[in-house]
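*Asks:* How does the following fold in three dimensions:
(chains A and B)
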Protein chains: 2
Amino acid sequence: MTNTSTSLRIGVLGAGNIGRPIGRHWAVAGHEVAFGSRTPDQLTEFAGALRPAARATTLAEAVETSDVLLLSVPYSAWDDLLQAVGDRLAGKLVIDATNPMGLSEEGRIISTLDQGITQGRNSAKLLPEATVVRAFTHIMDELLWSRGTQQKHFWGMAYAGDDVDAKEVVARLIHDAGFSPVDLGGLDDSAALDPGGAIFPHMFTPADLRAAAGLSA
Amino acid sequence: MTNTSTSLRIGVLGAGNIGRPIGRHWAVAGHEVAFGSRTPDQLTEFAGALRPAARATTLAEAVETSDVLLLSVPYSAWDDLLQAVGDRLAGKLVIDATNPMGLSEEGRIISTLDQGITQGRNSAKLLPEATVVRAFTHIMDELLWSRGTQQKHFWGMAYAGDDVDAKEVVARLIHDAGFSPVDLGGLDDSAALDPGGAIFPHMFTPADLRAAAGLSA
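*Replies:* Sure, this is the predicted structure:
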């Protein structure tokens, strides 16, 4: 695992409702955060307020200069993202926070993926050369800054992945964002944090989260 | 039921994180909203921006001039509230949005009431001369304005009460606040929306909410 006293170089791909508050938490916690965007000019004010811990840049430059990438674009932007920087994500730790969300005919939130495939597994197939961890998916974006600061570590944030070392890094980054990491297991065990899953789009204490996700205490 | 084309006179007791966004929705929807506070001077700017639909006033005056009251004080303020305006709530429709929330030794959110007693029933006992309906309890306050405007009527808001006419008024007010009312039944059936309940503190589509609360489709 990365030394917990070392700051990480993190690229936030998609500096919107998820990327901004989470990246801001990380900058405040002492990490070096590159907010990547197709229109970095629109991020100048936001990133400037976090100087020197953060900067606004292009998607490509954010990937090149970072070891960890947060994918926080809308789900519909995956194709564009792969085209823009897919190749460059090889060898990187990618935290996938995107949600394939749809609505069933009955009005229930569902995943738009084929049944039995988690978005974590889907991402790992789309990015075979990257190490994918799934996190920051199940808490509503308006709550990511406020609850991560005012109720630091009270609420659980689920994550899942197949690589133990990468998961340790992500657990630390969840902690640094003001939430308590709750390990759901591997990518194939992460249906609970996908749209339609048992904890989506909800907040729980860590103990409640484990119970809702069907983990033993 | 009150004619749906008629605006209501509503008092918001506790103009904080719940009372402000909900009262604002109601003012925008055309109701007459009195934000009641022990310190109305601190509400002048907020209420002033909603003129003439809203005003800042004392707790007592908000009660006197309103037919419907939203109790949105912190749970710990119930005693003060009863002392200040308890008697004057007789004959009024009271929407109780307060939450007796605690944490178990295992770190799970629980109700601080005796097991088997819902907060709706508890309120009805504390206010025997009022008509109590329980609502606005299970959605995090940061989401009450944003989701009620940007995703109007997408998310379900549970409510419960023993008086059919009062419930119809509250269903309308939930709708006017930008959420879709989901009827959980009587006050004794409302454990799901209390702390520790199946839908607390979560957001669901109406269909998901019914399923999570154990109601038949």
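
*Asks:* For A:L43, which non-adjacent residue is spatially closest?
*Replies:* Leaving out its chain neighbours, the residue that sits closest to A:L43 by Cβ to Cβ, 6 or more residues apart in numbering or on different chains is A:A56, at 3.5 Å. The way it works is simple: take the backbone N, C-alpha and C, and place the C-beta from them, glycine included.

*Asks:* Surely that neighbour forms part of a strand?
*Replies:* Yes. Counting by DSSP: H, G, I helix; E, B strand; the rest coil, A:A56 is found in a strand.

*Asks:* Within range of chain B, give me the residues from chain A.
*Replies:* Contacts of chain A with chain B, taken as Cβ under 8 Å from any Cβ of the partner chain, map to A:103-104, A:106-109, A:140, A:142-143, A:146-147, A:201-208, A:211, A:217.

*Asks:* As a check, name the ranges of all helices in chain A.
*Replies:* Secondary structure of chain A, counting by DSSP state H: helices at A:19-28, A:44-48, A:59-64, A:78-85, A:119-126, A:142-150, A:164-176, A:206-212.

*Asks:* Using a markdown table, lay out the ones you listed together with distance to B:H153, mean neighbour count and mean pLDDT.
*Replies:* Formatted as a markdown table, the helices of chain A follow (distance: least, Cβ to Cβ, whole Å; neighbours: other Cβ atoms under 10 Å in any protein chain shown; pLDDT from 0 to 100):
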| stretch | distance to B:H153 | mean neighbour count | mean pLDDT |
| --- | --- | --- | --- |
| helix A:19-28 | 26 | 24 | 98 |
| helix A:44-48 | 31 | 14 | 95 |
| helix A:59-64 | 35 | 19 | 98 |
| helix A:78-85 | 29 | 16 | 97 |
| helix A:119-126 | 27 | 21 | 98 |
| helix A:142-150 | 18 | 18 | 98 |
| helix A:164-176 | 33 | 20 | 98 |
| helix A:206-212 | 26 | 21 | 97 |
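
*Asks:* Redo those helices as JSON lines? Include distance to B:V170.
*Replies:* Listed next are these as JSON lines, based on distance: least, Cβ to Cβ, whole Å:
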{"stretch": "helix A:19-28", "distance to B:V170": "33"}
{"stretch": "helix A:44-48", "distance to B:V170": "40"}
{"stretch": "helix A:59-64", "distance to B:V170": "48"}
{"stretch": "helix A:78-85", "distance to B:V170": "42"}
{"stretch": "helix A:119-126", "distance to B:V170": "37"}
{"stretch": "helix A:142-150", "distance to B:V170": "24"}
{"stretch": "helix A:164-176", "distance to B:V170": "38"}
{"stretch": "helix A:206-212", "distance to B:V170": "28"}
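
*Asks:* Mind checking the ones you listed for the one nearest to A:A135?
*Replies:* helix A:164-176 (5.4 Å; Cβ to Cβ).

*Asks:* who touches that closest one?
*Replies:* The contact list for helix A:164-176, computed with Cβ atoms under 8 Å, 6 or more residues apart in numbering or on different chains, reads A:1-2, A:4, A:8, A:10, A:25-26, A:29, A:31, A:68, A:93, A:95, A:131, A:133, A:135-136, A:153, A:157, A:159-161, A:180-181, A:183.

*Asks:* What subset of those residues is buried?
*Replies:* Listed as buried from the contacts of helix A:164-176 are A:2, A:8, A:10, A:25-26, A:29, A:31, A:68, A:93, A:95, A:131, A:133, A:135-136, A:153, A:157, A:159-161, A:180-181, A:183; burial here means 16 or more other Cβ atoms under 10 Å in any protein chain shown.

*Asks:* Please flag which of those sit within strands.
*Replies:* Per DSSP state E, strands hold the following members of the buried ones among the contacts of helix A:164-176: A:10, A:68, A:93, A:95, A:131, A:133, A:135, A:157, A:159-161, A:180-181, A:183.

*Asks:* from the residues you listed, which is closest to chain B?
*Replies:* Nearest to chain B out of those is A:S180 (Cβ to the nearest Cβ; 9.4 Å).

*Asks:* if we can go back for a sec, of the ones in strands among the buried ones among the contacts of helix A:164-176, which pair is most distant in space?
*Replies:* A:T131 and A:S180 (22.6 Å).

*Asks:* Distance of A:T65 relative to A:Q83?
*Replies:* 20 Å (Cβ to Cβ, to the nearest Å).

*Asks:* swap in A:V33?
*Replies:* Counting by Cβ to Cβ - A:V33 and A:Q83 are separated by 24 Å.

*Asks:* now the closest residue to A:G196 other than its chain neighbours, which residues is it bridged with?
*Replies:* Closest residue to A:G196 apart from its sequence neighbours, by Cβ to Cβ, 6+ apart: A:I110 at 4.3 Å. Applying DSSP bridges to A:I110 gives these bridge partners: A:G102.

*Asks:* dump the residue contacts of A:S216.
*Replies:* Contacts for A:S216 (Cβ under 8 Å, 6+ apart) come out as A:R210.

*Asks:* Give me the pLDDT for it.
*Replies:* For A:S216, the model assigns a pLDDT of 77.

*Asks:* one step back: who does the residue nearest to A:L43 form a beta bridge with?
*Replies:* For A:A56, the beta-bridge partners are A:F35 (DSSP bridges).

*Asks:* close enough to count as contact, it and A:F35?
*Replies:* Yes. Counting by Cβ atoms under 8 Å, A:A56 does reach A:F35; the two are 5.1 Å apart.

*Asks:* Can you pull the residues that touch both of the two?
*Replies:* The contact sets of A:A56 and A:F35 overlap at A:15, A:43, A:46-47 (Cβ under 8 Å, 6+ apart).
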